[in-house]
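Colleague: Okay, sequence plus prediction incoming.
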Amino acid sequence: MRQMIAAAVYTAFALVANPGFADVEAAQALRIGDMKKLNFHSEAKVLSNTGFVSFTGKEMSLDEYQGKLVVLNFWATWCAPCRKEMPMLSDLQTELGGDAFEVVTIATGRNPPPAMQAFFEEIGVDNLPLHRDPKQALARTMGIFGLPITVILDTEGREIARLRGDADWSSDSAKALLRALLPSG
């Protein structure tokens, strides 16, 4: 409890001192519970603009999300931890989603669209995108090995953190951490 209060106070001071800028140090201080698995990079990583496709087959790229803090989740229909984690990502999108934040999901590998749609229907998720990376081109360029993997992209589209495995993205810790990364002002 003390750690959480100290982190909240630190975050408040950091945001006042740096209006308009994400505070990675404050976010790191908020890593408790599942968020301890979230590894921040010492420097933001520029990503290639390798594309992926929407559920309907439209060519897309991560550049379309610049200006937003993005929680980018790679998953597959056959992945049991993905089934557990996806409703929590949906809850996160419901609470924080908007002009400054978005959860983006990309099924990588062989995931037929009907199976993807059935997966979301079975777990009650209807607010996340059903994007696809059928040939794993984006996953390969980003070094995605194993699923699920969740990557946090800053507002400039650079990778700032990565979590391997599933996590409770709807936890108070995850939300506080992500709020610390959101630009203020």
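Modeller: Yes, it's here.

Colleague: Can you list phi and psi of V71 for me?
Modeller: phi -100, psi 110 (degrees, to the nearest 10).

Colleague: Could you report the distance from it to V104?
Modeller: Going from V71 to V104 by Cβ to Cβ, to the nearest Å gives 7 Å. From N, CA and C alone the C-beta is placed, and that goes for glycine too.

Colleague: The two: who's more crowded?
Modeller: The residue with more neighbours, out of V71 and V104, is V71; 25 against 22, by other Cβ atoms under 10 Å.

Colleague: and the closest residue to that one other than its chain neighbours, how many neighbours?
Modeller: In space, and not counting its chain neighbours, V71 is closest to V103: 4.8 Å by Cβ to Cβ, 6 or more residues apart in numbering. When counting by other Cβ under 10 Å, one arrives at 24 neighbours for V103.

Colleague: Check the one 5 residues further on too.
Modeller: The burial count assigned to T108 is 25, neighbours taken as other Cβ under 10 Å.

Colleague: isn't D63 right up against T50?
Modeller: No: checked against Cβ atoms under 8 Å, the pair D63 and T50 is beyond contact range at 10.7 Å.

Colleague: All set now, cheers.
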